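In: can't give you the sequence, but here's the structure:
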């Protein structure tokens, strides 16, 4: 890890770096950028940067270098020998793994900040009513907008939890949006909004995707999972409804994700899953606000992972996430955006900052959770919770090259003190200069390079207007 000397040397080396392309045009010229074609995977060495590797052995490296080739991290260290390779000056930059989102309803980003101040206009009525009038192109526009915002703010992995799959075309539109942006992602295929809990979800969209998954993700950048309704929603769901859905996902060998014990009022929901053998390493639980100590032990015993979303959980009144309670038990834990309909802006840095503040407030201590521990939740711990800890989440030779470069030459980032605190407490999307996913440069010089941001926003506006017109509400 960094020491005082390395921090001071970083401070001396942090120059006034203009927010322009450090990679230069030749790298992008290898393949035209656009929605129909992603930039080529380049080979380059970033040097003179402050590396926050998030790897327990490598730690932080002031004035360090990282070599990327063919989508992978080749070398990391104080110096990297790679003759003839494009050199990128990282002076004034903090280089770290890209952030990992673990649960996001990307399909409803169209309804950003649309959860109102009256019960009839709250989050659930809003997404349910509008969701039932969404066409595949609307879902595409929403998910693409989400992914563009994710890349812009420093996320390199997102979990698109799609619980508005109205047809195979709706599911395919969500996956297509992810694929066209170049982000690393999981699509968890769910059910349509408005489906009664007494009726089984159509399995054709999930089965069709699973059958043809290599077509959708030939390079493995995208993975597939199931968004499962579970045993409880507005009330108990009968076994003849929930069990076949669960069994189908396991038959297909897919990870399963479910909302459970989401608010402090929804108690005694995890023990029934445990008793029915519906927990395991392939099961990912969301929220778990109301988990009892004994249920937390069951979760640890089963090997399941958890995703929490402090921003939405506090905004909607669910309660306080049990972050420390789960971490102390060794339960794999990640952080998520959840939904822009509730939290507005999907900056995972902001959510991580809030997660730490909540834990310190619960404990009545400034020191309950460190800044670095919070950043681990957004990188390596999040990757582990998604079963991807061996591929992403830290800057380590052999892992995929998912990284971001944060420009410290900005009013809100100056002056350099402690790198972990600075990154967690100060970073805004505009400070993220460069984003690399699987060796592809998707943001550079503070600008998206593989997407037309104006078109992404324009298409989303058109989609929202169309959905509102069909819905005839709000």
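Out: Thanks, I have it. Nothing here was measured: the structure is a model prediction, and the numbers come from that model. Numbering: from 1, shown residues only.
In: any idea which helix or strand comes after the lowest-mean-pLDDT helix or strand in the chain?
Out: In the chain, the helix or strand scored least confidently by mean pLDDT, DSSP states H and E is helix 25-29, which has a mean of 37. Downstream of helix 25-29, the first helix or strand assigned by DSSP states H and E is strand 44-52.
In: Okay, strands next: where are they in the stretch 301-450 of the chain?
Out: 305-308, 333-335, 403-407, 432-437, 440-444, 447-448 (DSSP state E, counting those that start in this stretch).
In: Please work out the average pLDDT along stretch 355-364.
Out: Averaged across stretch 355-364, pLDDT comes to 98.
In: Next one: residue 117 relative to residue 127, how far apart?
Out: Distance of residue 117 to residue 127, given as CB to CB, to the nearest Å: 16 Å. No exception for glycine: its C-beta is placed from N, CA and C like everyone else's.
In: what about the two, which has more around it?
Out: In this view residue 117 and residue 127 are compared by other CB atoms under 10 Å, and residue 127 has more residues nearby, 24 against 6.
In: Mind listing what's buried along the helix or strand encompassing residue 151?
Out: Here residue 151 sits within helix 136-153, counting by DSSP H and E. Neighbour counts using 16 or more other CB atoms under 10 Å place 136, 138-153 of helix 136-153 among the buried residues.
In: Run through the residues that contact the closest residue in space to residue 292 that isn't next to it in sequence.
Out: In space, and not counting its chain neighbours, residue 292 is closest to residue 267: 7.1 Å by CB to CB, 6 or more residues apart in numbering. Residue 267 is in contact with 261, 290, 292, counting by CB atoms under 8 Å, 6 or more residues apart in numbering.
In: Could you do residue 142 as well?
Out: Under the criterion of CB under 8 Å, 6+ apart, the neighbours of residue 142 are 106-110, 134, 177, 460, 463.
In: Now render those residues as CSV, adding neighbour count, secondary structure and pLDDT.
Out: As requested, the contacts of residue 142 are arranged in CSV below (neighbours: other CB atoms under 10 Å; DSSP: H, G, I helix; E, B strand; the rest coil; pLDDT from 0 to 100):
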residue, neighbour count, secondary structure, pLDDT
106, 30, helix, 99
107, 30, helix, 99
108, 28, helix, 98
109, 25, helix, 98
110, 28, helix, 98
134, 27, coil, 98
177, 27, helix, 98
460, 22, helix, 98
463, 21, helix, 98
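In: Turn those residues into TSV, including distance to residue 352.
Out: Below are the contacts of residue 142 laid out as TSV (distance: CB to CB, whole Å):
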residue	distance to residue 352
106	19
107	23
108	22
109	19
110	25
134	30
177	25
460	26
463	30
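In: Show me which of those is closest to residue 207.
Out: residue 107 (19.7 Å; CB to CB).
In: is it true that that closest one touches residue 143?
Out: Yes. In this structure, residue 107 is within contact of residue 143 by CB atoms under 8 Å, at 5.9 Å.
In: pLDDT of stretch 243-263, averaged?
Out: Rounded mean pLDDT across stretch 243-263 is 98.
In: Next, the buried residues of that stretch.
Out: Here stretch 243-263 shows 245-246, 248-249, 252, 254-262 as buried, counting by 16+ other CB under 10 Å.
In: what do you get for stretch 416-430?
Out: 416, 419-420, 422-429.
In: Likewise for stretch 432-442?
Out: 432-442.
In: Do me a favour and get the end-to-end distance for stretch 335-353?
Out: Length of stretch 335-353, first residue to last, CA to CA, to the nearest Å: 11 Å.
In: Same question for stretch 283-299.
Out: 10 Å.
In: so for that stretch, what's the average pLDDT?
Out: 98.
In: cool, stretch 203-212 as well?
Out: Stretch 203-212 shows a mean pLDDT of 97.
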